[in-house]
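In: got a predicted structure here, sequence first:
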Amino acid sequence: MTKPMKSGKEATMNTTRRQLLIATALVCALAFSVTMAHAADPLSSWNAGAAKKSIIAFVEKVTTADSPDFVPIPERIAVFDNDGTLWCEQPAPVQLFFALDRVKTLAPQHPEWKTQEPFASLLKGDVKTALAGGDRAILKLFMATHTGMTTVEFEQMVKNWIATAKHPKTGKHFTDMVYQPMLEVLAYLRANGFKSFIVSGGGIEFMRPWAEQVYGIPPEQVVGSSIKTKFEMRDGKPVLVRLPELNFNDDKAGKAVAINQHIGRRPVMAFGNSNGDKEMLEYTQGGGGARFELLVLHNDATREYAYGPAQGLPDVKLGAFKQDLYDQSKKEGWTVVSMKDDWTQVFALGQVPVTAIDVLLEPNATMLRHAGANNARLLKVYPKGFALDASHRPHITMLQRFVRTADLDKVYAAVGKVLASVNAVKLDAFKYYYIPSRELGVAGIVAKPTPELLKLQADIIAAVAPFTVETGPIGAFTAAHDDPALDVQMIDYVSAFVQKASGEHFNPHVTTGVAPREYLDKMLAEPFEPFTFSPAGAAVYQLGPFGTAAKKLKDWELKP
């Protein structure tokens with residue numbers, strides 16, 4: 001059924017509203033933007049040791065303004081290999097499993113594959129024999145399974161496959177086989193002004209469809225091997241067709257070439273795990289000034305795999321970390337991460353159902369009256385703003401956290417126990433404030449963070465702590481954003497809420513609306529008539545897009 005066309009006015013209003021919500025989300029993130037360098041532990045899945053210290057020490061010295069090693073934000077470029085560095089690559093790189101499934105799908109059209117390698121071995125499920133043919137066999141396999149379609153068709157194939165494909169040993173989705181410690185590094189760098197790129201021997205168009213969702217790295221920051229494409233007109237529409245011919249092999253020395261071609265800046269940080277990453281690390285180190293290089297050594301057969309052959313570990317066909325590279329890393333001062341000793345956790349918790357919650361106070365009629373009056377005033381000067389309604393409930397956020405969904409009832413019980421011991425709370429509203437976002441500002445009424453209120457927040461945080469996880473997926477919210485970059489931003493925001501917005505950083509306020517900054521500056525200059533109000537209730541909400549309190553899960557009345 002064809003959807004009715006929206007009127008120009010309606011479309012404009014929707015666009016304006018979305019832009020406003022995005023601005024509001026950015027402002028909310030800005031409100032708590034003490035960098036991750038000041039968080040309690042930005043690398044919580046890392047054991048205290050030389051590897052963890054080296055990462056934090058480097059980031060701190062290149063982001064401190066008066067440091068002799070200070071690196072301006074545009075030059076804060078970090079590059080990451082993918083297979084074996086960001087996610088599991090054994091018993092074979094993930095893209096090979098994709099190719100294997102493509103071989104099975106295409107086999108009826110190619111009876112000759114029953115006797116031709118590497119197809120014959122793959123059809124028997126013998127990946128080891130198929131890989132024995134080396135790079136030539138892999139190239140032949142990819143040319144047969146990754147070409148002959150448009151780039152759009154190939155992208156959809158990858159999306160469909162990655163959504164359901166599972167690792168042969170663990171039975172987990174491949175996207176759950178990403179390394180939690182490396183996700184923390186990506187988030188830590190992002191919070192400190194770095195732009196991170198994937199530079200991988202894997203196919204660039206194989207990685208781009210899912211890299212942003214999994215790593216928070218957008219398609220334009222993915223560099224990889226590529227095949228040639230050709231422009232054609234099909235049914236009157238322009239398309240790019242994938243041809244069975246290699247365009248560029250992004251491995252070994254090719255990685256340095258690709259960085260120059262795609263990025264145009266020499267990285268200051270480089271992360272890899274194998275001899276195929278050696279030249280990328282050398283190129284990074286060769287830039288002069290402060291530089292950082294890191295290699296992941298897979299020596300944990302219990303939680304993942306153990307392979308080298310460096311340090312006497314088993315050898316592998318693909319992803320080898322040889323002894324000469326290990327020796328070079330020690331000589332050059334590169335950081336070598338022992339997966340066994342340096343990581344408290346290997347894989348991300350994406351498979352654990354998680355809910356993003358907002359524990360909040362709902363103000364009484366006194367605050368609602370003042371907030372409503374201020375909202376009306378702001379709407380009068382800026383009609384494109386938002387009204388205080390079901391979508392924008394006046395409240396004071398006490399805590400935002402990711403919690404295990406299975407423990408929600410325990411969360412309610414723990415919060416309820418804290419609230420049961422709370423006597424009548426009196427809060428003093430004493431000023432307006434706003435947080436700027438370009439020409440606009442998000443305004444609110446601020447209450448004094450009294451000792452009683454700070455203790456209440458601390459008690460709520462302590463009560464919820466046993467049921468929390470450090471971070472969660474966008475599925476923990478009621479819905480995702482249209483822009484995946486906002487998904488990443490809101491995940492980071494909730495993950496760091498306790499460090500950035502509690503205790504001495506707590507700013508208890510009720511948001512009242514949006515207006516031009518020029519008007520808000522005049523409003524703040526006016527005398528503010530203080531008033532006293534009380535919370536009439538408390539609630540736990542599931543967070544929605546843009547950090548809104550979207551879905552009420554549990555509520556309580558409070559003593560007047």
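Out: Yep, it's here.
In: grab the nearest non-local neighbour of residue 467.
Out: Of all residues not flanking residue 467 in the chain, residue 407 sits nearest, at 3.9 Å (Cβ to Cβ, 6 or more residues apart in numbering). Backbone N, C-alpha and C define where each C-beta goes, glycine included.
In: pretty sure that neighbour sits in a strand.
Out: No. Read with DSSP: H, G, I helix; E, B strand; the rest coil, residue 407 is helix and lies in no strand.
In: against residue 398, how distant is it?
Out: According to Cβ to Cβ, to the nearest Å, residue 407 stands 18 Å off from residue 398.
In: check residue 479 too.
Out: Here residue 479 is placed at a distance of 23 Å from residue 398 (Cβ to Cβ).
In: of these two, give the one with the bigger neighbour count.
Out: More crowded of residue 479 and residue 398, by other Cβ atoms under 10 Å: residue 398, with 24 against 11.
In: which strands and helices sit next to the helix or strand harbouring that one?
Out: Residue 398 is part of strand 396-404 when elements are defined by DSSP states H and E. Packed against strand 396-404 by the contact rule (3 or more Cβ pairs under 8 Å, 6 or more residues apart in numbering; DSSP states H and E) you find strand 354-363, helix 451-464, strand 468-469, helix 484-495, helix 497-501, strand 535-543.
In: what is the longest one packed up against?
Out: Which is helix 451-464. Where contact means 3+ Cβ pairs under 8 Å, 6+ apart, helix 451-464 is packed against strand 354-363, strand 396-404, helix 408-420.
In: turn the ones you listed into JSON lines, including mean pLDDT and distance to residue 190.
Out: Below are the helices and strands packed on helix 451-464 laid out as JSON lines (pLDDT from 0 to 100; distance: least, Cβ to Cβ, whole Å):
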{"stretch": "strand 354-363", "mean pLDDT": "94", "distance to residue 190": "19"}
{"stretch": "strand 396-404", "mean pLDDT": "94", "distance to residue 190": "18"}
{"stretch": "helix 408-420", "mean pLDDT": "94", "distance to residue 190": "28"}
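In: measure residue 315 to residue 151 for me?
Out: Taking Cβ to Cβ, one finds residue 315 at 37 Å from residue 151.
In: returning to what we had before: any idea which of the helices and strands packed on helix 451-464 is most buried?
Out: strand 354-363 (a mean of 25; mean count of other Cβ atoms under 10 Å).
In: going on from that one, what's the next piece of helix or strand?
Out: With elements assigned by DSSP H and E, the helix or strand that comes after strand 354-363 is helix 365-381.
In: which of residue 315 and residue 151 has more neighbours?
Out: Using other Cβ under 10 Å, the more surrounded residue of residue 315 and residue 151 is residue 151, with 14 against 11.
In: strands of the stretch 51-200 of the chain, start to end?
Out: Using DSSP state E, counting those that start in this stretch, the strands of the stretch 51-200 of the chain run over residues 77-80, 195-203.
In: want to throw these into CSV with mean neighbour count and distance to residue 292?
Out: Formatted as CSV, the strands of the stretch 51-200 of the chain follow (neighbours: other Cβ atoms under 10 Å; distance: least, Cβ to Cβ, whole Å):
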stretch, mean neighbour count, distance to residue 292
strand 77-80, 25, 8
strand 195-203, 23, 13
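In: how about CSV for those strands, with mean pLDDT added?
Out: Shown next, in CSV, are these (pLDDT from 0 to 100):
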stretch, mean pLDDT
strand 77-80, 98
strand 195-203, 97
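In: can you lay out these as a markdown table showing distance to residue 43?
Out: Below are these laid out as a markdown table (distance: least, Cβ to Cβ, whole Å):
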| stretch | distance to residue 43 |
| --- | --- |
| strand 77-80 | 14 |
| strand 195-203 | 15 |
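In: these: which one's closest to residue 276?
Out: Of all the strands of the stretch 51-200 of the chain, strand 195-203 sits nearest to residue 276, with 5.9 Å by Cβ to Cβ.
In: can you redo the helices and strands packed on helix 451-464 as JSON lines with distance to residue 379?
Out: As requested, these are arranged in JSON lines below (distance: least, Cβ to Cβ, whole Å):
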{"stretch": "strand 354-363", "distance to residue 379": "19"}
{"stretch": "strand 396-404", "distance to residue 379": "22"}
{"stretch": "helix 408-420", "distance to residue 379": "33"}
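In: the ones you listed: which one's closest to residue 518?
Out: Short answer: strand 396-404, nearest of these by Cβ to Cβ, at 27.6 Å.
In: what pairs with the closest one, and is each one parallel or antiparallel?
Out: Strand 396-404 sits in its sheet next to strand 354-363 (antiparallel), strand 468-469 (antiparallel), going by DSSP bridges.
In: what about dumping the CA coordinates of that strand to CSV?
Out: The C-alpha trace of strand 396-404 is given here as CSV (Å, rounded to 0.1, in the frame of the first residue of the first chain):
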residue,chain,number,x,y,z
ILE,A,396,14.7,15.9,37.8
THR,A,397,16.9,13.1,36.6
MET,A,398,18.7,11.4,39.5
LEU,A,399,20.4,8.5,37.6
GLN,A,400,20.7,7.1,34.2
ARG,A,401,22.2,3.6,33.8
PHE,A,402,22.2,0.4,31.8
VAL,A,403,20.7,-2.4,33.9
ARG,A,404,20.1,-6.1,33.1
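In: what sits up against it?
Out: With contact meaning Cβ atoms under 8 Å, 6 or more residues apart in numbering, strand 396-404 is reached by 352-361, 363, 411, 447, 456-457, 460-461, 464, 467-472, 476, 493-495, 497-498, 501-502, 508-510, 535, 538, 543, 547, 549.
In: give the buried subset of those residues as a ChimeraX selection command.
Out: A single ChimeraX command is used to select the members of the contacts of strand 396-404 judged buried by 16 or more other Cβ atoms under 10 Å:
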select :354,355,356,357,358,359,360,361,363,411,447,456,457,460,461,464,467,468,470,471,472,476,493,494,495,497,498,501,502,508,509,510,535,538,543,547,549
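In: that older thread, so the residue nearest to residue 467 touches residue 465, yeah?
Out: No. Between residue 407 and residue 465 there is no contact under Cβ atoms under 8 Å: 11.3 Å.
In: okay then, goodbye and thanks.
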